[in-house]
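Novice: Got a predicted structure here, sequence first:
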Amino acid sequence: MPKKIVQAHCKLALDIGEVQERAILRHCIMAHKQGKVDDIIFDNLIKKKIMHQFIWAKRGDAIENIMTQKFGILFFTFQTESEMKKTEENIHDLVRVRIL
């Protein structure tokens, strides 16, 4: 894909001159039950893997629909695909919405 198309698609002004092959995981932050958002909790093992994060949840936001309501999107980068898959299996334990 040409560089400008990738930048426009991602809405990012990134210098992607040299693209490194790596495993990237996207995760939508969702709650496991209704209530109000207290905080978004990240396990220390996963924090260093966060490449980009877009979190719009604020403390006190109502959690009304646990099936569709999202509170942010995270992008993680990994050195290997197997590391990514192992993390993906446990992602709900590594990133959690703490509920008031």
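Specialist: That came through, no problem. Note that the structure is a prediction, hence the values are computed from the model and not measured. Numbers count the residues shown, from 1 in each chain.

Novice: list the contacts for the residue nearest in space to the middle of the chain?
Specialist: For the chain, residue 74 is the residue whose C-alpha lies nearest the centre (C-alpha atoms, centre = their mean; 1.5 Å). By C-beta atoms under 8 Å, 6 or more residues apart in numbering, the contact list for residue 74 reads 26-27, 29, 50, 52-54, 95. Every residue, glycine included, has its C-beta placed from N, CA and C.

Novice: 7 Å - rerun?
Specialist: Shown in contact with residue 74 (C-beta atoms under 7 Å, 6 or more residues apart in numbering): 27, 29, 50, 53, 95.

Novice: Equivalent analysis for residue 58, please.
Specialist: residue 37.

Novice: And the pLDDT at it?
Specialist: Per-residue confidence (pLDDT) for residue 58: 95.

Novice: Tell me if it really is in a helix.
Specialist: No: assessed with DSSP: H, G, I helix; E, B strand; the rest coil, residue 58 is coil; it does not lie in a helix.

Novice: For it, grab phi and psi.
Specialist: Here is the backbone geometry of residue 58 (degrees, to the nearest 10): phi -130, psi 150.

Novice: follow-up on the earlier one: how about JSON lines for the contacts of residue 74, with neighbour count, pLDDT and secondary structure added?
Specialist: Conversion of those to JSON lines gives the following (neighbours: other C-beta atoms under 10 Å; pLDDT from 0 to 100; DSSP: H, G, I helix; E, B strand; the rest coil):
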{"residue": "27", "neighbour count": "19", "pLDDT": "95", "secondary structure": "strand"}
{"residue": "29", "neighbour count": "22", "pLDDT": "96", "secondary structure": "strand"}
{"residue": "50", "neighbour count": "14", "pLDDT": "94", "secondary structure": "strand"}
{"residue": "53", "neighbour count": "15", "pLDDT": "94", "secondary structure": "strand"}
{"residue": "95", "neighbour count": "23", "pLDDT": "96", "secondary structure": "strand"}
